[in-house]
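[1] dropping a prediction and its sequence here:
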Amino acid sequence: MAYEEFLYNNWNRKEDYADEIRMPHFEEVDGYVMDAFKEKYRNVQILKKMFEEFRCDH
């Protein structure tokens, strides 16, 4: 539960965690909204960085 609280309390700072995220090239795929796919990829990278920070603090 502590990690969910950490996310809840820090998600408004997500842009701070977005530094240095490199977006790979994604081929266009029929039937996919590529912008949504890229946003999900970016959010996963942010969550990964947030988890690393959470783990170091706890």
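    Looks like it came in fine. Numbers count the residues shown, from 1 in each chain.

[2] from here on, just use CA atoms for contacts and neighbour counts.
    Fine.

[3] would you map the helices across the protein?
    Ranges of helices in the chain, per DSSP state H, are 2-10, 14-17, 34-57.

[4] out of the ones you listed, which comes closest to Pro24?
    helix 34-57 (9.2 Å; C-alpha to C-alpha).

[5] including distance to Phe26, mean neighbour count and mean pLDDT, could the helices of the chain go into a markdown table?
    Listed next are those as a markdown table, based on distance: least, C-alpha to C-alpha, whole Å; neighbours: other C-alpha atoms under 10 Å; pLDDT from 0 to 100:
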| stretch | distance to Phe26 | mean neighbour count | mean pLDDT |
| --- | --- | --- | --- |
| helix 2-10 | 27 | 12 | 94 |
| helix 14-17 | 22 | 14 | 94 |
| helix 34-57 | 8 | 14 | 95 |
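
[6] would CSV of these with distance to His25 be doable?
    What follows is the helices of the chain, written out as CSV (distance: least, C-alpha to C-alpha, whole Å):
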stretch, distance to His25
helix 2-10, 28
helix 14-17, 21
helix 34-57, 10
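
[7] spit out the contact partners of Tyr17.
    For Tyr17, the contacting residues are 46, 49-50, by C-alpha atoms under 8 Å, 6 or more residues apart in numbering.
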